[in-house]
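# A structural model of the following input is requested.
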Amino acid sequence: MNQPLTQALSLTWKLSTVLILPVIIAIYVKVMDAYYGPFTFSELDQGQNSHKWIILAIYLFFLLCWNRLNPHVIHLLKRLEY
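So this is what the prediction gives:
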């Protein structure tokens, strides 16, 4: 009955592991720009590696949270099918 919706939600949930990276980068650039003066993506790309390590740490933290929540979300999506 709700199978197409459940499949779309499941696909969105799985794709969030990849699609979150540009979101993290955009938010990081906005926060750095707001609190520490002018900061652009090109400065992030060509600048210090510490910024890249911070973004990597945030992404790995997201993946850890995703991994912990995944069984619960899959179970919820299976319940929505019926």
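
# in terms of helices and strands, where is the residue nearest the centre of the chain?
Central residue of the chain (Cα atoms, centre = their mean): residue 20, 2.6 Å from the mean position. Residue 20 is part of helix 3-36, with elements assigned from DSSP states H and E.

# one more: residue 53?
helix 49-81.

# could you point out where the chain is predicted with low confidence?
Filtered on pLDDT under 70, the chain yields the residue ranges 1.

# look at residue 80 and say how many residues are nearby.
Residues near residue 80, counting by other Cβ atoms under 10 Å, number 14. Every residue, glycine included, has its C-beta placed from N, CA and C.

# gap between the closest residue to residue 58 other than its chain neighbours and residue 18?
Nearest residue to residue 58 in three dimensions, chain neighbours excluded: residue 24, at 5.3 Å (Cβ to Cβ, 6 or more residues apart in numbering). Noted for residue 24: a distance of 11 Å to residue 18, by Cβ to Cβ, to the nearest Å.

# same deal with residue 62?
11 Å.
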